[in-house]
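Engineer: With the sequence up front, the predicted model follows.
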Amino acid sequence: MRFFSLLLLAGSLAAMPVHAADAQNWLSRLLKAERQQSFQGIFVYERNGSFSTHAIWHQAGQNGESRERLLRLDGAPVEVVRVDGRLQCGSSILADQLIEGAGPWPPRPLEPQRLAEWYEIRMVGESRVAGRAAVVLTILPRDQYRYGFELHLDSETALPLKSLLLNEKGLLLERLQFTQLDTSTPLTKDKLEPGPTCRPVEILQAAIPKQGVWRSEWLPPGFALRSMHTQPSPVSGETITYLMYGDGLARFSVFIEPLHSPLVEDARSQLGPTVAVSKRMSTADGDMMVTVIGEVPLGTAERIALSMRASEEQADR
């Protein structure tokens, strides 16, 4: 699952004790809930001042397998179905093929045992969301290369009821908040089956690449390469190399595509928490466009893009 964050008001933080062990315990409960707890509900997603409403049905199996359907309830219909975290169908084929999990509720490989080195984890109080009691955790970055998180976890199940994210200046970037959550009603088959707007997609088998295909000369501390694959661009037909990096909570992706036009220039943009930085790079195989997309500060993404290098093996071909 994907989690977003916001720090509590300074006065509230000052008044609340810090219980690191309790916070770690709640994160462990969250991981267990993701594997074992079925639920259905409705949540509101806010990004860049824009709101959307979504329904979600999540069925957890006895052996950790899962099936999940996500449906946007306003605007153009957008639907995603995942089985065991892997995309099965989606309304937006291009986005979901390139960035598996794109959208307001993607799977996120939370790793509490690694987080303490890069984040300060605090249990700071209690709240009430969607009529349910919740505990509040903050996950604060120890450096300027990533964002902090605030999680409101359901006191009964440890599922995330609310999550918020602030940038390095304290401005709200993203909000996800349940308005309804049902953890007791059995899920029916018709709720989990995809609708007519959900088109099947090819499941991309990601694998760690052979050493030296592409490398980054700089990464934020704690980030490591998680997966890489290549696939043809649906626009140009050229082969796109896709690398995904993570630190146990935050993620970003790097896309590398051949360029044949001298008119394409560097670019940078930000929509809510998601930044996109594109840099032109010269290699022995010709010019490439390196694009970094992820929920990291803009300066972090720019430094990553500038650090990408073609391997000697590739350059010598």
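Structural biologist: Okay, I see it.
Engineer: Low-confidence bits of this structure, can you list those?
Structural biologist: 1-20, 92-110, 202-212, 234-236, 311-317 (pLDDT under 70).
Engineer: switch to 80 and redo it
Structural biologist: 1-21, 62-64, 85-87, 92-114, 166-171, 201-213, 230-238, 260-263, 284-285, 311-317 (pLDDT under 80).
Engineer: can you point me to the longest helix in it?
Structural biologist: If you go by DSSP state H, the chain has its longest helix at helix 20-36.
Engineer: And the helices in the stretch 151-300 of the chain, which stretches?
Structural biologist: 189-192, 298-307 (DSSP state H, counting those that start in this stretch).
Engineer: Quick check: which of those helices is buried the most?
Structural biologist: helix 298-307 (a mean of 19; mean count of other C-beta atoms under 10 Å). Backbone N, C-alpha and C define where each C-beta goes, glycine included.
Engineer: got a list of contacts for the longest helix of the chain?
Structural biologist: Under the criterion C-beta atoms under 8 Å, 6 or more residues apart in numbering, residues 1, 60, 64, 66, 110, 112, 115-116, 121-123, 135, 137, 151, 153, 157-160 lie in contact with helix 20-36.
Engineer: Buried ones among those residues?
Structural biologist: For the contacts of helix 20-36, a neighbour count by 16 or more other C-beta atoms under 10 Å gives the buried set as 1, 60, 66, 110, 112, 115-116, 121-123, 135, 137, 151, 153, 157-160.
Engineer: Report the buried residues of the longest helix of the chain.
Structural biologist: Buried, per 16+ other C-beta under 10 Å, within helix 20-36: 23-24, 26-27, 29-30, 33-34.
Engineer: Could you do stretch 187-203 as well?
Structural biologist: By neighbour count with 16+ other C-beta under 10 Å, stretch 187-203 contains the buried residues 187, 192, 194, 198, 201.
Engineer: Could you save those residues as TSV and add columns showing distance to residue 261?
Structural biologist: Shown next, in TSV, are those (distance: C-beta to C-beta, whole Å):
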residue	distance to residue 261
187	49
192	45
194	38
198	35
201	29
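Engineer: which one of those is nearest residue 168?
Structural biologist: Nearest to residue 168 out of those is residue 201 (C-beta to C-beta; 34.9 Å).
Engineer: correct me, but the closest one touches residue 89?
Structural biologist: Yes. Residue 201 is within contact range of residue 89, at 6.1 Å (criterion: C-beta atoms under 8 Å).
Engineer: which one is residue 245 nearest to, not counting chain neighbours?
Structural biologist: Excluding its sequence neighbours, the residue lying closest to residue 245 (C-beta to C-beta, 6 or more residues apart in numbering) is residue 223, at 4.8 Å.
Engineer: Could you give the number of residues near residue 168?
Structural biologist: 15 (other C-beta atoms under 10 Å).
Engineer: what separates it from residue 188, distance-wise?
Structural biologist: Taking C-beta to C-beta, to the nearest Å as the measure, residue 168 falls 45 Å from residue 188.
Engineer: residues near residue 267, how many?
Structural biologist: Counted with other C-beta under 10 Å, residue 267 comes out at 12.
Engineer: That one and residue 302, how far apart?
Structural biologist: For residue 267, the distance to residue 302 - C-beta to C-beta - is 11 Å.
Engineer: The spatially closest residue to residue 225 that is not a sequence neighbour pairs with what?
Structural biologist: What sits nearest to residue 225 in space, not counting adjacent residues and going by C-beta to C-beta, 6+ apart, is residue 245, at 5.7 Å. Beta bridges link residue 245 to residue 225, residue 252, judged by DSSP bridges.
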